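1. Mind folding the following:
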Amino acid sequence: MLKTTRAITGAAAFAIAVLVSLTHAQVGRGGSAWLTARGDAQRTSWIRSDALISVQAMSKPGFALQWKTTLENANRTIYGIGGGVSAPGVTLFIPMQLVTGSSNNVYAIDSDTGYLVWQRHFDATLPPPTDACPGGTLTAATRMVSAAPPMAAAEPQRAGAGRATQGYHSVLGQPGEGAPVEVRGGGPGRGGAAPGAGRGAAGPPNAAGAAPAGAPPAGQRADAAPGRGAGQGGFGRGAAEPIPGAPAEQVAGGGGLSRPSGVAYVISSDGVLHVMGLQSGKDLQKPAPFVPANSRWSDPIAVGTMLYTSTSGGCGGAPDAVWAIDLESPDKPVISWKSAHPLVGSIAFTTDGRLVTVTNSAISTMDAKTLQGGDARTVSDAEFVTGPTIIRDGDRELVAVGMKGGGISLVNTPPTASTMRRSGAAVAAVATWQDETNAGWILVPTEHAVEAVRVAATGGPDWTASNLTAPATPIIVNGVVFVLEQGVAAVLHAYEGKTGKELWTSGKTMTAAAAPGSFWSAFGQIYVGTTDGTLYAFGFNDERR
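-> Here you go, the predicted model:
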């Protein structure tokens, strides 16, 4: 069952949408779309270029609160408004943010104005929340991270240029290039090699290949009623063909279910995967069982023809395991890989399509199609406390992971050698980026600071932002590092990425603590959700308003 609510209906809604789109949405918006948690498949939290945000622009007045809106959602312990993903130009040229709420809610919000376009609620039973197992939808939605033809380097978008001028990237991302520009629907776009086409990989020592309890055995179909297969629309294929009887939005613009402009993927608290149309929030395919009900899953990610997540903590009786569901098959078969050790953080991908996981004792890669075979690396006397983030250093691709007690472990892919960089003890996942000289940087959020460490450095941090209250994983936009103090009242800061010079702060604009995971960037804006249900959008006061 579902409930979909629109703030205004009928002819009035259409008229207002047209007016809003004509008034606000014709101005080009800079920057890349944010398609999945932490921006890209490498989980870098980095947007490479942006037409509006830069060190130079942030050094002048003008960056400020653009709008705020309150969303109705019952908190689950400290979890409330979740993360967001972007959907540029979905309907009448209105760019939107798809935002989750912990009590089985999803909201579509106009990026220009904060207007609530639609709201979706899943009628799944929620268990009593506990600190360890809050239940509900605690992670962001995800868009399709498609394998578009890669581009050697992204050209910064011109200020005022139309949205359609955004370039194409591999949405797996080139190593260290950060969040790629979203592939737009409607045109031919044969995908590249599916994830896992590169070298296979393996999990931690003694990992079992059996599917967790409650899941179908690896390689067998899930016991889900057949839905309309996404393959009919073509994942990574040419322009989609209409599906008989499908809603018009399913193939609007020729995008089909495979196109990032058409759908978003959300997991409800009962472990069911929903393929939602962006224009209305309706299910465009029959919901499919994916992970055990009331489990605690990591941020999902859709790559190629599969969608992935992992479960941990024993919530809902689920083991520590990696899960993958085949989006192309009408029957949505599920495969899984059970870990012998506790999993930490979210799944990431190397740029040749290998899946990377971290346990408390090892960094592993595996074949993304089969969840089998490959390499694992245990770092002596180390306990890992963050999930993987991928970064390039010269011709190497490295996995950066925070260690208990302090320090960042940098492990080659495939995991064959490792080094360590000094830092404080990470309390959230690290972020990575590269400056104009291709020097790699790692940003480490500690209990009261964010430390910036160059990959090639041998000593301590290059700069430190101190006296912070519970900083989240930073976001880097075009050389500007945004740091969120989650604290009693959230505060957003902007720093020059190479020097640590503070460029801007939100001061007392926000009046409640930041909700965990509710911090992202898209289209030249920074978004923060707080525990009182308020979503804030910060940016430059341009013609959009």
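2. Now do the SS call for residue 57.
-> Under DSSP: H, G, I helix; E, B strand; the rest coil, the three-state class of residue 57 is helix.
3. so how many other residues sit close to it?
-> 20 (other Cβ atoms under 10 Å). Heads up, the C-betas are built off the backbone N, CA and C, glycines and all.
4. That one and residue 281, how far apart?
-> 34 Å (Cβ to Cβ, to the nearest Å).
5. Equivalent analysis for residue 427, please.
-> Residue 427 sits 34 Å away from residue 281, going by Cβ to Cβ.
6. So between those two, which is more surrounded?
-> Using other Cβ under 10 Å as the criterion, residue 427 and residue 281 rank with residue 281 on top: 24 against 18.
7. In this structure the more buried one contacts residue 122, no?
-> No. Counting by Cβ atoms under 8 Å, residue 122 is not a contact partner of residue 281; they are 10.5 Å apart.
8. Adjacent strands (with direction) for the longest strand along the chain?
-> Determined from DSSP state E, the single longest strand within the chain is strand 81-91. Strand 81-91 has the following sheet partners, assigned by DSSP bridges: strand 94-101 (antiparallel).
9. What lies in contact with the strand it pairs with?
-> Residues outside strand 94-101 that contact it (Cβ atoms under 8 Å, 6 or more residues apart in numbering) are 17, 20-21, 25, 29, 71, 73, 80-90, 106-112, 117, 137, 139-141, 163, 264, 266, 278, 518, 522-523, 527, 529, 535.
10. let's see it at 7 Å
-> Applying Cβ atoms under 7 Å, 6 or more residues apart in numbering, the contact partners of strand 94-101 are 17, 20-21, 25, 29, 71, 73, 80-90, 106-112, 117, 137, 139-141, 264, 266, 278, 522-523, 527, 535.
11. now the angle between strand 81-91 and the very next helix or strand once past it, please.
-> Going down the chain from strand 94-101, the next helix or strand is strand 105-110, by DSSP states H and E. Computed by axes from the mean of the first three to the mean of the last three Cα atoms, to 10 degrees, the angle separating strand 105-110 from strand 81-91 equals 50 degrees.
12. Alpha carbons of strand 105-110, in CSV - could you do that?
-> Output in CSV follows, covering the C-alpha atoms of strand 105-110 (Å, rounded to 0.1, in the frame of the first residue of the first chain):
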residue,chain,number,x,y,z
ASN,A,105,8.7,8.9,3.7
VAL,A,106,10.0,10.3,0.4
TYR,A,107,9.7,13.9,-0.7
ALA,A,108,10.2,15.6,-4.1
ILE,A,109,11.3,19.3,-3.5
ASP,A,110,11.7,22.0,-6.1
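13. Alpha carbons of stretch 79-92, as PDB, please.
-> Extracted C-alpha coordinates of stretch 79-92, given in PDB (Å, rounded to 0.1, in the frame of the first residue of the first chain):
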ATOM      1  CA  TYR A  79      17.100  10.000  12.600                       C
ATOM      2  CA  GLY A  80      14.700  12.200  10.800                       C
ATOM      3  CA  ILE A  81      15.100  13.900   7.400                       C
ATOM      4  CA  GLY A  82      17.600  11.800   5.400                       C
ATOM      5  CA  GLY A  83      19.900  12.400   2.500                       C
ATOM      6  CA  GLY A  84      18.900  13.600  -0.900                       C
ATOM      7  CA  VAL A  85      19.600  12.900  -4.600                       C
ATOM      8  CA  SER A  86      19.100  15.300  -7.500                       C
ATOM      9  CA  ALA A  87      16.800  15.100 -10.500                       C
ATOM     10  CA  PRO A  88      17.500  17.900 -12.900                       C
ATOM     11  CA  GLY A  89      14.700  19.100 -15.300                       C
ATOM     12  CA  VAL A  90      12.300  16.300 -14.500                       C
ATOM     13  CA  THR A  91       9.000  18.100 -15.300                       C
ATOM     14  CA  LEU A  92       8.600  21.600 -16.800                       C
END
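14. how far does it sit from the chain's center?
-> In terms of Cα atoms, centre = their mean, to the nearest Å, the gap separating the centre of stretch 79-92 from the centre of its chain is 11 Å.
15. Check stretch 472-479 too.
-> 13 Å.
16. Next secondary structure after the worst-scoring helix or strand of the chain on mean pLDDT?
-> Using mean pLDDT, DSSP states H and E, helix 10-24 stands out as the lowest-scoring helix or strand of the chain, at a mean of 40. The first helix or strand that comes after helix 10-24 along the chain, using DSSP H and E, is strand 46-47.
17. So which elements touch that next one?
-> Applying 3 or more Cβ pairs under 7 Å, 6 or more residues apart in numbering; DSSP states H and E, we find strand 46-47 packed against strand 431-434, strand 475-477.
18. Quickly run through the sheet partners of whichever helix or strand comes after the longest one, with directions.
-> Just to be clear, that refers to strand 431-434. Going down the chain from strand 431-434, the next helix or strand is strand 440-445, by DSSP H and E. Paired neighbours of strand 440-445 in the sheet (DSSP bridges): strand 431-434 (antiparallel), strand 450-454 (antiparallel).
19. Redo those as CSV? Include distance to residue 443 and mean pLDDT.
-> Formatted as CSV, the strands paired with strand 440-445 follow (distance: least, Cβ to Cβ, whole Å; pLDDT from 0 to 100):
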stretch, distance to residue 443, mean pLDDT
strand 431-434, 4, 95
strand 450-454, 6, 96
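20. Check these for me and report the most buried one.
-> For those, the largest average neighbour count (mean count of other Cβ atoms under 10 Å) is found in strand 431-434, namely a mean of 27.
21. if we look at that one, which residues are touching it?
-> Here strand 431-434 makes contact (Cβ under 7 Å, 6+ apart) with 44-46, 176, 178, 389, 391, 400, 440-443, 473-476, 497.
22. Ok, stretch 447-464 next?
-> By Cβ under 7 Å, 6+ apart, stretch 447-464 touches 391, 393, 408, 410, 421-424, 427, 439-444, 465-468, 471, 474, 483, 499-500.
23. can you do 6 Å?
-> With Cβ atoms under 6 Å, 6 or more residues apart in numbering as the test, stretch 447-464 has contacts from 393, 421-424, 427, 439-444, 465-466, 468, 471, 474, 483, 500.
24. Just the CA trace of that stretch, in PDB.
-> Extracted in PDB, the C-alpha atoms of stretch 447-464 (Å, rounded to 0.1, in the frame of the first residue of the first chain):
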ATOM      1  CA  GLU A 447      35.400  14.400  17.100                       C
ATOM      2  CA  HIS A 448      36.100  18.200  17.100                       C
ATOM      3  CA  ALA A 449      37.900  18.900  13.800                       C
ATOM      4  CA  VAL A 450      38.300  18.200  10.200                       C
ATOM      5  CA  GLU A 451      41.900  17.400   9.100                       C
ATOM      6  CA  ALA A 452      43.100  17.800   5.500                       C
ATOM      7  CA  VAL A 453      45.900  15.300   4.600                       C
ATOM      8  CA  ARG A 454      47.600  15.100   1.200                       C
ATOM      9  CA  VAL A 455      48.100  11.600  -0.100                       C
ATOM     10  CA  ALA A 456      51.700  12.300  -1.000                       C
ATOM     11  CA  ALA A 457      52.500  13.900   2.400                       C
ATOM     12  CA  THR A 458      54.600  12.100   5.000                       C
ATOM     13  CA  GLY A 459      53.800  14.100   8.000                       C
ATOM     14  CA  GLY A 460      50.600  15.200   9.700                       C
ATOM     15  CA  PRO A 461      47.700  17.200   8.300                       C
ATOM     16  CA  ASP A 462      48.300  20.100   5.900                       C
ATOM     17  CA  TRP A 463      45.600  22.100   7.700                       C
ATOM     18  CA  THR A 464      43.000  21.600  10.300                       C
END
